[in-house]
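1. No sequence on hand, only this structure:
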């Protein structure tokens, strides 16, 4: 039986942030992922997975596709033990909407402003442009 407890490169990507959070929180998969990260494994997250890693998470599908009220949900807080309280917004500069504002992970400027108002005062909003990356090294305590 293969075990990912020694994996040095772990990828998680697109999908629903809220679904990932519900299924990973308190699971053996999440515990292993966190342990591997703290031991120096390379974690590569894209899109929805990046959102779920924050202290607060954007339920993008619920808001953008289902019309739910603009608000945050509790994220998995991967970086909390490193002293970083963040909310990650990928697709910061998205322009696929044509005449519709799809920046800020499809929230657009008006909804992002409402989200910022609801963000706890000590949480930093980290916007990541498309086709770019943010790197952090917990063992070296650098980015």
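-> Yep, it's here. Everything quoted here is computed from the prediction, not taken from an experiment.

2. Quickly find the element holding the closest residue to residue 24 other than its chain neighbours.
-> Spatial nearest neighbour of residue 24, excluding adjacent residues (C-beta to C-beta, 6 or more residues apart in numbering): residue 30 at 4.2 Å. Just so you know, the C-beta spots here come from the backbone N, C-alpha and C atoms, and that holds for glycine as well. Take DSSP states H and E as the rule and residue 30 turns out to sit in helix 28-38.

3. one step back: what about the residue nearest to residue 24, neighbour count?
-> Residues near residue 30, counting by other C-beta atoms under 10 Å, number 16.

4. Just give me how far stretch 65-73 sits from the chain centre.
-> How far stretch 65-73 lies from its chain's middle: 16 Å, per C-alpha atoms, centre = their mean, to the nearest Å.

5. Ok, stretch 68-79 next?
-> Centroid displacement of stretch 68-79 relative to its chain, using C-alpha atoms, centre = their mean, is 9 Å.

6. Would you mind listing the buried residues in that stretch?
-> Using 16 or more other C-beta atoms under 10 Å as the test for burial, stretch 68-79 gives 70, 72, 73, 75, 76, 77, 78, 79.

7. need the contact list for residue 20.
-> Neighbouring residues of residue 20 by C-beta atoms under 8 Å, 6 or more residues apart in numbering: 12, 48, 49, 52.

8. Excluding covalently adjacent residues, which one is nearest to the residue nearest to the spatial centre of the chain?
-> For the chain, the residue nearest the mean C-alpha position is residue 51 (1.8 Å; C-alpha atoms, centre = their mean). Spatial nearest neighbour of residue 51, chain neighbours left out: residue 17 (3.9 Å); criterion: C-beta to C-beta, 6+ apart.

9. show me where the chain has strands.
-> For the chain, the strands defined by DSSP state E cover 9-12, 42-45, 56-57, 73-74, 86-89, 124-127.
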